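Undergrad: Build me a model from this:
(2 chains)
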Protein chains: 2
Amino acid sequence: MGEGKVDLNEAGIGEGISEVIVTTESAAGITNAAPIGITTTIEGGEKKYFVKLYKGSQTLANVLETHTLAANVTCDAVLFVNAAFEKVDESRFTDFEGVSVLTEANAWIVFTSLLVEKSSAFLRFQLKPRAVKINKKEVKAINRALNAVIEAAILATRFEIITDELEREELKRMMEQYAEIIQKCGGHQEKEAMGILTEKCKGLSKE
Amino acid sequence: MGEGKVDLNEAGIGEGISEVIVTTESAAGITNAAPIGITTTIEGGEKKYFVKLYKGSQTLANVLETHTLAANVTCDAVLFVNAAFEKVDESRFTDFEGVSVLTEANAWIVFTSLLVEKSSAFLRFQLKPRAVKINKKEVKAINRALNAVIEAAILATRFEIITDELEREELKRMMEQYAEIIQKCGGHQEKEAMGILTEKCKGLSKE
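TA: Sure thing, here's the model as predicted:
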């Protein structure tokens, strides 16, 4: 597969930031999954892919060891929330081109990572696609609850690091708005995902 | 096609509320398109489809004349915003089973409408699928900007009817949050759609 010549649009990675579940392995072969945004830019007609990995994350540690990450494209709300807050069980992984990926994902893209920027909080990598597989194409109408889960999950991860009480109150208020959308528009997957998030935030506010 | 036996999941209409573009025709054959949520409920294992149509809307007027509406499943942000605020050009329609649908949609479902509830603000219909066509299946990663466009479009339609200044300020604040997400995560489609929305709201605030 010619590097830099592959258009990942067919595999679901479009212009802007694509929210995917990134799977990685440590050098010792221990798998990890985390929801991460992959940025697609177009410069002079050429698409380039980038990712910011935050210091302290297992994904960054693994990428520094293996220079490899896989993007798993999925719309499974529960899988996103699991990947954000819990260890995704080993049984849900499968092998693709020697890399651990999530069996249920609609598409897999294996990338080689190239460090391009260091900041105090994160390292930024350019990603070169090295293998692509499309497992399942589908038609799916927009459901406001699916994205409300993603937004709520992002808030919940902030909830973990914010100590200011006013900011926490604002986050809680926004979480309630998302919970309302999920209650109104969601299917059982989105409702299950929100249940996990609510439990997560309850636990945190007691700490 | 056996009514009530069709599972529309394959055509993108899943559990909860599916945001689609509903196309209808007046008895005289004049087409209309509007973004509307179709609700899928599961009762005793059987899926049922419902829609609320608001009084004063062209969609309701047309459905009362023809007892027919088509759901167009799409993730095209610009098409959603166009359908919400502008007349969708006749050239973008095509015929499917005698009903006008949007050529670019990923799937079409033609429904027969059955009035089941009247309120002061809306009529509620049960929808019986009568023809389904899947045009294009795809893989698409979640993009936060796409749903931000949908949420911003919903806010913009409220902006038209709210007169209370405090409420309008709150709406503007939320619009700015969505605009930020679209700027950060969107591709050119989402940015174009947000441009249309911003213009729309500017115009309204001067009235």
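
Undergrad: can we go C-alpha only for contacts and neighbour counts from here?
TA: Fine.

Undergrad: So which bits of chain A are right by chain B?
TA: A:10-20, A:39, A:73-75, A:106-107, A:134, A:136-144, A:147, A:151, A:184-188 (CA under 8 Å from any CA of the partner chain).

Undergrad: let's go with 7 Å and repeat that
TA: A:10-13, A:15-20, A:73-75, A:106, A:137-144, A:147, A:185-187 (CA under 7 Å from any CA of the partner chain).

Undergrad: from those residues, which ones fall inside strands?
TA: Counted as lying in strands by DSSP state E, out of those, are A:16, A:17, A:18, A:19, A:20, A:73.

Undergrad: For the helix or strand hosting residue A:113, which residues meet the burial criterion?
TA: According to DSSP states H and E, residue A:113 maps onto strand A:107-118. Residues A:107, A:108, A:109, A:110, A:111, A:112, A:113, A:114, A:115 are the ones in strand A:107-118 that count as buried (16 or more other CA atoms under 10 Å in any protein chain shown).

Undergrad: That one - which strands sit beside it in the sheet, and in what orientation?
TA: Sheet pairing of strand A:107-118 (DSSP bridges) gives strand A:68-73 (antiparallel), strand A:122-134 (antiparallel).

Undergrad: what's downstream of the first one, the next helix or strand?
TA: Using DSSP H and E, the helix or strand that follows strand A:68-73 towards the C-terminus is helix A:77-85.

Undergrad: Make TSV out of the strands paired with strand A:107-118 and add mean neighbour count.
TA: Formatted as TSV, those follow (neighbours: other CA atoms under 10 Å in any protein chain shown):
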stretch	mean neighbour count
strand A:68-73	26
strand A:122-134	19
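
Undergrad: Export these as JSON lines, with columns for mean pLDDT.
TA: Output for the strands paired with strand A:107-118, formatted as JSON lines (pLDDT from 0 to 100):
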{"stretch": "strand A:68-73", "mean pLDDT": "98"}
{"stretch": "strand A:122-134", "mean pLDDT": "97"}
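
Undergrad: and the strand holding residue A:113, average pLDDT?
TA: Model confidence over strand A:107-118, given as mean pLDDT, is 98.

Undergrad: Over to stretch A:180-199?
TA: Rounded mean pLDDT across stretch A:180-199 is 94.

Undergrad: Output it in PDB with nothing but the alpha carbons.
TA: Provided in PDB are the C-alpha atoms of stretch A:180-199 (Å, rounded to 0.1, in the frame of the first residue of the first chain):
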ATOM      1  CA  GLU A 180     -32.200  15.000  28.500                       C
ATOM      2  CA  ILE A 181     -31.300  14.600  24.800                       C
ATOM      3  CA  ILE A 182     -30.300  11.000  25.400                       C
ATOM      4  CA  GLN A 183     -33.500  10.300  27.300                       C
ATOM      5  CA  LYS A 184     -35.600  11.900  24.500                       C
ATOM      6  CA  CYS A 185     -33.700  10.700  21.400                       C
ATOM      7  CA  GLY A 186     -31.700   7.700  22.300                       C
ATOM      8  CA  GLY A 187     -32.000   4.000  21.800                       C
ATOM      9  CA  HIS A 188     -31.000   1.400  24.400                       C
ATOM     10  CA  GLN A 189     -27.300   1.700  23.500                       C
ATOM     11  CA  GLU A 190     -27.200   5.400  24.100                       C
ATOM     12  CA  LYS A 191     -29.200   5.100  27.300                       C
ATOM     13  CA  GLU A 192     -26.900   2.300  28.600                       C
ATOM     14  CA  ALA A 193     -23.900   4.500  27.800                       C
ATOM     15  CA  MET A 194     -25.400   7.500  29.700                       C
ATOM     16  CA  GLY A 195     -26.100   5.200  32.700                       C
ATOM     17  CA  ILE A 196     -22.300   4.300  32.800                       C
ATOM     18  CA  LEU A 197     -21.400   8.000  32.600                       C
ATOM     19  CA  THR A 198     -23.800   9.100  35.300                       C
ATOM     20  CA  GLU A 199     -22.500   6.400  37.700                       C
END
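
Undergrad: That stretch: which residues count as buried?
TA: Those would be A:181-183, A:185-187, A:189-194, A:196-198, for stretch A:180-199 by 16+ other CA under 10 Å.

Undergrad: now do stretch A:37-52
TA: A:37, A:38, A:39, A:40, A:41, A:47, A:48, A:49, A:50, A:51, A:52.

Undergrad: ditto for stretch A:142-160
TA: A:142-150, A:152-153, A:155-156, A:159.

Undergrad: thinking again about what came up before, now the buried residues of strand A:107-118 in CSV, with distance to residue A:94?
TA: Formatted as CSV, the buried residues of strand A:107-118 follow (distance: CA to CA, whole Å):
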residue, distance to residue A:94
A:107, 13
A:108, 11
A:109, 13
A:110, 13
A:111, 16
A:112, 19
A:113, 21
A:114, 25
A:115, 27
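
Undergrad: Please identify which of those residues is nearest to residue A:129.
TA: Checking the buried residues of strand A:107-118 against residue A:129 by CA to CA gives residue A:111 as the nearest, at 4.4 Å.

Undergrad: partners of the closest one in the sheet?
TA: Under the criterion used (DSSP bridges), residue A:111 bridges to residue A:69, residue A:129.

Undergrad: residue contacts, it?
TA: A:68, A:69, A:70, A:127, A:128, A:129, A:130 (CA atoms under 7 Å, 6 or more residues apart in numbering or on different chains).

Undergrad: Tell me the buried residues in the lengthiest helix in chain A?
TA: Ranked by residue count, the top helix of chain A under DSSP state H comes out as helix A:165-185. Buried positions in helix A:165-185, judged by neighbour count with 16+ other CA under 10 Å: A:168, A:171, A:172, A:175, A:178, A:179, A:181, A:182, A:183, A:185.
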